[in-house]
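Participant: the sequence isn't on hand, but the structure is:
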């Protein structure tokens, strides 16, 4: 009877342990899936039109905050080169003008669009001017910088021309600071990748 009690007790412990492991896995899975989908995001284009990120399904995306009066502004040229080379391979660039860093994007949407087209021949999608810092960052930048939303990583945008990479399934891949050349090997490899 003593042996039978021990066997029964051991069996109960094993079952309880199994249930605990299962619940732990379920909680971890729920935490990983609690983020917001990239494809649920929305913004407006520089022309004031609604832009649903659901249209980006199946595409690799580079998102960059841009400014017209920054030391990094010449990166527009290389961003356009990157876009020209890989736009037919499901690669997209979204440029978000932002005046948060040094007040280097003071112009109107019309000014910004004209500057980009005239000086750099920009044809990739330019978006509305947004706020990234402060109490009310744009929802796209909340998603890009907060792990609880993107499910992958926290990030800090410190200046203009900070780059984020999002894969064709809407997964946050990586981010690169302003100093990173748009034609950096890792960014090019991402843009060139085929499904």
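Facilitator: Okay, I see it. Just so we're clear, the structure is a prediction, and the values are computed from it rather than from any experiment.

Participant: pLDDT at the closest residue to residue 84 other than its chain neighbours, what is it?
Facilitator: The shortest distance from residue 84 to any residue that is not its chain neighbour, by C-beta to C-beta, 6 or more residues apart in numbering, is 7.8 Å, and that residue is residue 123. C-betas here are computed from N, CA, C, even on glycine. As summarised for this prediction, residue 123 has a pLDDT of 98.

Participant: tell me, how many residues neighbour residue 123?
Facilitator: Residues within reach of residue 123, counting by other C-beta atoms under 10 Å, total 13.

Participant: ok, it - contacts?
Facilitator: 80, 83-84 (C-beta atoms under 8 Å, 6 or more residues apart in numbering).

Participant: show me what the nearest residue to residue 193 once chain neighbours are set aside is bridged to.
Facilitator: Leaving aside its chain neighbours, residue 193 sits nearest to residue 60 (6.6 Å; criterion: C-beta to C-beta, 6+ apart). For residue 60, the beta-bridge partners are residue 91 (DSSP bridges).

Participant: centroid-nearest residue for this protein?
Facilitator: For the chain, the residue lying nearest the average C-alpha position, counting by C-alpha atoms, centre = their mean, turns out to be residue 144 (4.2 Å).

Participant: my guess is it meets residue 172, correct?
Facilitator: Yes: look at residue 144 against residue 172 with C-beta atoms under 8 Å: they come within range, at 7.2 Å.

Participant: shared neighbours of the two, which are they?
Facilitator: 150, 164.

Participant: show me the domain layout of this structure.
Facilitator: 1-34, 38-192 (automatic domain parsing).

Participant: and the last one, how far out from the chain middle?
Facilitator: So that's domain 38-192. For domain 38-192, the separation from the chain centroid amounts to 9 Å (computed by C-alpha atoms, centre = their mean, to the nearest Å).
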